[in-house]
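J.: Could you look at this predicted model? Sequence included:
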Protein chains: 2
Amino acid sequence: MAKELPTRAEDYSQWYVDIVKKADLAENSDVRGCMIIKPYGYAIWEKMQQQLDKMFKETGHVNAYFPLFVPKSMFEAEEKNAEGFAKECAIVTHYRLKTDPNNKGKLIVDPEAKLEEELVVRPTSEAIIWNTYKKWVQSHRDLPILINQWANVVRWEMRTRLFLRTAEFLWQEGHTAHATSQDAEKETLQMLDVYADFIENFMAVPVIKGKKSDGEKFPGAIDTYCIEALMQDGKALQAGTSHFLGQNFAKAFNVQYSNKEGKLEYVWGTSWGVSTRLIGGLIMAHSDDDGLILPPKLAPIHVVVVPIFKNEEELNKVTVAVEPMLKELRSMGLSVKFDNRETHKPGFKFAEYEMKGVPVRIAIGPRDLENGTIEVARRDTKEKRVMKYGDASREIPMLLDEIQKNLYARALKLRADRTTYVDSFKQFKEVLDGKGGFILAHWDGTPETEARIKDETKATVRCIPLDAKEEAGTCVYSGKLSMRRVLFARAY
Amino acid sequence: MAKELPTRAEDYSQWYVDIVKKADLAENSDVRGCMIIKPYGYAIWEKMQQQLDKMFKETGHVNAYFPLFVPKSMFEAEEKNAEGFAKECAIVTHYRLKTDPNNKGKLIVDPEAKLEEELVVRPTSEAIIWNTYKKWVQSHRDLPILINQWANVVRWEMRTRLFLRTAEFLWQEGHTAHATSQDAEKETLQMLDVYADFIENFMAVPVIKGKKSDGEKFPGAIDTYCIEALMQDGKALQAGTSHFLGQNFAKAFNVQYSNKEGKLEYVWGTSWGVSTRLIGGLIMAHSDDDGLILPPKLAPIHVVVVPIFKNEEELNKVTVAVEPMLKELRSMGLSVKFDNRETHKPGFKFAEYEMKGVPVRIAIGPRDLENGTIEVARRDTKEKRVMKYGDASREIPMLLDEIQKNLYARALKLRADRTTYVDSFKQFKEVLDGKGGFILAHWDGTPETEARIKDETKATVRCIPLDAKEEAGTCVYSGKLSMRRVLFARAY
């Protein structure tokens, strides 16, 4: 496998697309805007799912499943939500095909099978779920409801990009209902913390937690909280959102409960989600010009063992020699691949696993057998070292830990290097067009200024960081008073 | 919770619906034909998924994800398959809603957003997947492809029934591609065995493996293999199917590989699936007039512990006393619920967990504390016994094993009692209208006879059992020669 990626410096965008393709993660399908997640890419998603699902359950949530279709009248009940998604919905209008009388072997939509009411393929499930909660909630004893759903959703995007923006994508969506505003707000922030914990400690990507501006919040939410991560090209990626819905959906769907005093009150809601978009973020945060780099905690294969041999006899010797090590590493819960293909040379295999981001590669040949050693290469730094065979089961898990930590530290350093405090609009534009990255600047808080900045620079308010300090200043654009810096960036 | 189920004898059909509802498994949604799988029902599906996924991976399969939508021209490529599903497809024709100029706050389908080509919501994914395999397969070295997908599918059923038949359902679909007919046939039968293993050893339901008649096989398949289970009302349930597709889809989508001699050949295929329908089968196979009965291996809660107390002090004493037992049982991988709600009486809780099919219930009160005992009730037989507290961690896992075995044995006995060898059409009808169940009878093998028997009795050939012995006889309907008995039943 020859190195075939453009460097990040040459063409970051093509570099990304090529990694997705050459690391066998996903491909575009012949269906407009829809992707095919290939087995290796899907294995990363499974790792993410397992960990997130565990974290959701530990915080008291259970999974359930709601219909793919939302009748139009139900969809439009919460007006802001409907308006926000109406322009990008797949609509089912018929329920049957019939043979084309004019074209043998071909099918046409049967005009007699027109639905009385059109069905929207869910772009998100608040409507269908709150329509259900109406039936589930009577008393305060029925609250809270803490439900998550793993599902596919469809948003008719015009410009798509594998993992980052596709018409159909996979995600989880939490939908909770609470008796009080406080409970719902606590839940909203709790799930933001769960996401931040996952993305920092499993994806090894540092994030900034914050609140969206009114212009960028979820249609139908009172507040949208988000976590923002920085990619290597200096653009931001919104990695997850958690919405405080207030009583908006409860009112739209008439979901009321009788409180302890027997009085009817509207329920308070939240929703929160992350999607296969995280895989895009994972790729862009860590990978290098030789291919994908995966943090060990989400790598489908932790260690690949490549035998070096000239003939079958040598291969057999190596195979016998590595067996106890494979067994021991596997017994520790590591996923270890022994690549004994005779059809490919070691160099080809090395490049292949580099492209696929396998964190640790072990090479072992006849000379190693004589010396009782193995050659260990780590993917993140590409350092190689010779290790005693007997040390592998102690050293390899430590090395994987080190790689996990190093990836986080590297990403954190990148972010620190690319975060700039800016106090004028001139500097704002210079930084954006120069090193890019996160900009912390004063903003007057108005949607007008936000829109103008976006028009002129393509940068948006990524969030108002939760830890933003009160600090009097003047808006970089309007010069008006501002009490805190917000986070700007160009974004995916 | 009062007993509110009709008995199976009174109204089997209503009994089923009521269990689904009262055990909190699922409900009908306001979307035609689509169900909502509630958390307790979904937890059973998760258990099934985990086990099946493990078995698929152990047999060399990997997961991937393909688009929800199939363009009409792709859908119609394999004619028999298209014809088989055309009549029950949800069709996406538009990609946008707009505000209704005549009706404020309402939305209408935007006529300007009509798709050039309609999209079929997948009823099954052979078309989209084989269209992809075309790009993945060039050489014999690219084979086999062993892929499974967990997904939702939609078939526009007119008469729906929770879990058993719904417009949208969840399933897994395996799609494999092989170099030779033998490899594909071996795969087809291997997956049939995997399903049988799962259904017998985890669902505790005995199955008969067989081949479908030509009239009942999957549209586009050469052979369809199935496993058939018997429900308590004497009707059969098809619990899983595995299809040998021959080269049908390879030819429809032009999927060819160059063999070792460099000659182009069409690829051989299989597909196989089980769905949330299995939950319906699980309910109907084991449950009784007091509610659901779950086999321990698929029960979301293995053991519920109900404290008996008159006041808070007694509850506190019981709570402290049971803690070590809860911890020990949980450390063994058991899911144990301690229901310390003060809002409900023990009798209510007993009935609730009976309805929900929790395999083992432990009750413990002040008198038990004095005696160092617990009261253990098993859900399957409803037997109660007093056990020494200290024996719980040894005895409870054994009891769960015993329940798992007993459920299988009971279902096996039911099937034996309800399987009848029949040699005349008069007897055939008598058995069907009497005790029902499986009928082993001679059939002349023609679709005409099969159709007439179905018309007259509503019974169908469930399968030609794989273990059917050669035995000359005469068809119960036509009197023509037959070389083996086949399995008839009325079916879900």
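T.: Arrived safely.

J.: any idea whether A:E88 is helix, strand or coil?
T.: Classification of A:E88 by DSSP: H, G, I helix; E, B strand; the rest coil places it in coil.

J.: From what I see, it and A:R159 are in contact.
T.: No. Using C-beta atoms under 8 Å, A:E88 is not in contact with A:R159, being 11.6 Å away. C-beta coordinates here come from the backbone N, C-alpha and C atoms, glycine included.

J.: Looking at those two, which has the bigger crowd around it?
T.: Just comparing A:E88 and A:R159: by other C-beta atoms under 10 Å in any protein chain shown the higher neighbour count belongs to A:E88, 17 against 6.

J.: Identify the residues contacting the residue nearest to that one when sequence neighbours are not counted.
T.: In space, and not counting its chain neighbours, A:E88 is closest to A:W156: 4.1 Å by C-beta to C-beta, 6 or more residues apart in numbering or on different chains. The neighbours of A:W156, taking C-beta atoms under 8 Å, 6 or more residues apart in numbering or on different chains as the test, are A:G33, A:K87, A:E88, A:C89, A:A90, A:A167, B:Y95, B:R96.

J.: For my notes, confirm the first one occurs in a helix.
T.: Translated: A:G33. No. If the criterion is three-state DSSP, then A:G33 is coil and not within a helix.

J.: and it, how many neighbours?
T.: By other C-beta under 10 Å, the residues close to A:G33 number 23.

J.: picking up where we left off before, of the contacts of A:W156, which is the most crowded?
T.: Top of those by neighbour number is A:C89, holding 28 neighbours under the definition other C-beta under 10 Å.

J.: Next, work out how far apart that residue and A:E117 are.
T.: Distance, A:C89 to A:E117, using C-beta to C-beta, to the nearest Å: 14 Å.

J.: Likewise for A:I464?
T.: For A:I464 relative to A:E117 (C-beta to C-beta), the value is 40 Å.

J.: can you check A:N28 too?
T.: Separation of A:N28 from A:E117 (C-beta to C-beta): 33 Å.

J.: All the helices of the stretch 201-350 of chain A, residue numbers only.
T.: A:248-252, A:277-286, A:312-331, A:346-355 (DSSP state H, counting those that start in this stretch).

J.: Can I get the ones you listed in JSON lines including mean neighbour count and distance to chain B?
T.: Formatted as JSON lines, those follow (neighbours: other C-beta atoms under 10 Å in any protein chain shown; distance: least, C-beta to the nearest C-beta, whole Å):
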{"stretch": "helix A:248-252", "mean neighbour count": "23", "distance to chain B": "11"}
{"stretch": "helix A:277-286", "mean neighbour count": "25", "distance to chain B": "11"}
{"stretch": "helix A:312-331", "mean neighbour count": "15", "distance to chain B": "14"}
{"stretch": "helix A:346-355", "mean neighbour count": "18", "distance to chain B": "14"}
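
J.: Save these as CSV, and put in mean pLDDT too.
T.: Output for the helices of the stretch 201-350 of chain A, formatted as CSV (pLDDT from 0 to 100):
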stretch, mean pLDDT
helix A:248-252, 98
helix A:277-286, 98
helix A:312-331, 96
helix A:346-355, 97
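
J.: which residues touch A:K429?
T.: A:K429 neighbours (C-beta under 8 Å, 6+ apart): A:E456, A:T457.

J.: where does the stretch 301-450 of chain A come near chain B, residue by residue?
T.: Residues of the stretch 301-450 of chain A lying close to chain B (C-beta under 8 Å from any C-beta of the partner chain) are A:T343.

J.: neighbours around the residue in the stretch 301-450 of chain A that chain B sits nearest to, how many?
T.: In the stretch 301-450 of chain A, the residue found nearest to chain B is A:T343; the distance is 7.4 Å by C-beta to the nearest C-beta. Using other C-beta under 10 Å as the criterion, A:T343 is surrounded by 6 other residues.

J.: Find the nearest non-adjacent residue to it, please.
T.: Distance criterion C-beta to C-beta, 6+ apart; nearest residue to A:T343, sequence neighbours excluded, is B:R141 at 7.4 Å.

J.: my guess is that neighbour meets A:R341, correct?
T.: No. Contact criterion C-beta under 8 Å: B:R141 and A:R341 do not qualify, at 10.1 Å.

J.: follow-up on the earlier one: quick one: which of A:I464 and A:E117 has more around it?
T.: Neighbours were counted for A:I464 and for A:E117 using other C-beta under 10 Å; A:I464 has more, 17 against 11.

J.: For beta bridges, what are the partners of that one?
T.: On the basis of DSSP bridges, A:I464 takes part in beta bridges with A:K211.

J.: Next, whatever residue of the stretch 101-250 of chain A ends up closest to chain B: phi, psi?
T.: Residue of the stretch 101-250 of chain A nearest chain B, by C-beta to the nearest C-beta: A:W156 (4.3 Å). Dihedral angles phi and psi of A:W156 (degrees, to the nearest 10) take the values phi -70, psi 80.

J.: still on that earlier bit, turn the helices of the stretch 201-350 of chain A into JSON lines, including distance to A:R410.
T.: Listed next are the helices of the stretch 201-350 of chain A as JSON lines, based on distance: least, C-beta to C-beta, whole Å:
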{"stretch": "helix A:248-252", "distance to A:R410": "41"}
{"stretch": "helix A:277-286", "distance to A:R410": "8"}
{"stretch": "helix A:312-331", "distance to A:R410": "25"}
{"stretch": "helix A:346-355", "distance to A:R410": "17"}
